[in-house]
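Q: Predicted model follows, preceded by the sequence.
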Amino acid sequence: MDLISIFGLVLGLSAILLGQALEGGHIGSLLQVTAFIIVVGGTAGAVMLQSSLRVFLDGLSMTKWVFVPPKHSAAAVLEMVLQWSQTARRGGLLALEPFIDEQTELFHRRGLQMLVDGAEPDVLRDTLERELAAYEHGRLEAAKIWMAAGGYSPTIGILGAVMGLIHVMENLSDPSKLGAGIAVAFVATIYGVGGANLIFLPMANKLKHHVGKLVSERELFVEGLICIANGENPRIIEAKMQGYLS
């Protein structure tokens, strides 16, 4: 559980609500269903329009990473690769075959399988780096739907404000309806700007951070496999990979 994400979200929303209360406003005045539908629905529609279905669904599924980060540990990868290098030094590359079925990640399984099959280091590197580049591109594209939401949301909020003001102008002869229209106008702007800067953009940047961590970990893994394929001493491999960690 990423506690700082939870704390940051709660702090940001609490600061706005507290400020509203200190100014003598009612928190209930910030709760407008119409404004919420306009901003959230309009933003979601714009993001869907620019995205493919797969990218959009991947972006939604990655949302949990903001609060429950994916498991990534470069130190664990280093330890795993060093164990393999010592095993290969004693018994050859075929001695690594039992480790293949132990891998839960497809990327690790495929890389180790190629190593055991005797793939040349250049072929091994080229294949894994191509797969890694595709993985990084796909994850970043998915994370960008939240960046896009942060870009569209303020504009949709302004659109909601204009719609509210149009409603006000249409009912100038009926003062009882003016308050609701003005409320929708201003609250829609709050939802649009607040949603972008408190939720959508921070989420996008947090997801990009996690993608970067996962890619770095896989780069470390690839480098370790190449060192094993070249028959390098486990101590030299450890020294190289420690450089990546630092």
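A: Cool, got the structure. Since we're looking at a predicted model, the values are computed, not measured.
Q: nearest spatial neighbour of the residue sitting nearest the centre point of the chain, skipping sequence neighbours?
A: In the chain, the residue lying closest to the centroid (C-alpha atoms, centre = their mean) is Leu207, at 2.1 Å. Leaving aside its chain neighbours, Leu207 sits nearest to Ala143 (3.9 Å; criterion: C-beta to C-beta, 6 or more residues apart in numbering). Just so you know, the C-beta spots here come from the backbone N, C-alpha and C atoms, and that holds for glycine as well.
Q: Enumerate every residue touching that neighbour.
A: Contacts for Ala143 (C-beta atoms under 8 Å, 6 or more residues apart in numbering) come out as 59, 62, 204, 207-208, 211.
Q: Check Val77 too.
A: The contact partners of Val77, by C-beta under 8 Å, 6+ apart, come to 217, 220-221, 224.
Q: And the helices in this protein?
A: In the chain, the helices defined using DSSP state H lie at 3-22, 33-36, 42-50, 53-61, 74-91, 97-100, 106-116, 121-170, 178-195, 201-229, 234-245.
Q: Quick one: low-confidence residue ranges for the chain.
A: The model of the chain has pLDDT under 70 over residues 25, 171-181, 183-184, 244-246.
Q: my guess is Val222 contacts Gly111, does it?
A: Yes - counting by C-beta atoms under 8 Å, Gly111 is a contact partner of Val222 at 6.9 Å.
Q: Who has more neighbours out of these two?
A: Neighbour comparison, Val222 and Gly111: the larger count goes to Gly111, with 26 against 19 (by other C-beta atoms under 10 Å).
Q: Who are the contact partners of that one?
A: 124, 128, 221-222, 225 are the contacts of Gly111 under C-beta under 8 Å, 6+ apart.
Q: Near the residue lying closest to Met163 once chain neighbours are set aside, how many residues? Count them for me, please.
A: Among residues not flanking Met163 along the chain, Ile38 sits closest, at 6.9 Å (C-beta to C-beta, 6+ apart). Ile38 is flanked by 23 other residues according to other C-beta under 10 Å.
Q: Kindly provide the distance from Ile38 to Ala46.
A: Counting by C-beta to C-beta, to the nearest Å, the gap from Ile38 to Ala46 is 12 Å.
Q: Overlap of the contact sets of the two?
A: Counting by C-beta under 8 Å, 6+ apart, the shared contacts of Ile38 and Ala46 are Ile156.
Q: Pop the domain breakdown of the protein in here.
A: For the chain, automatic domain parsing gives the domain ranges 1-31, 32-245.
Q: who's in contact with Cys227?
A: Counting by C-beta under 8 Å, 6+ apart, Cys227 makes contact with 81, 85, 236-237, 240-241.
Q: before we move on, the earlier item: determine which stretch of the domains of the chain is the most buried.
A: Among the domains of the chain, domain 32-245 has the highest mean neighbour count (mean count of other C-beta atoms under 10 Å), at a mean of 17.
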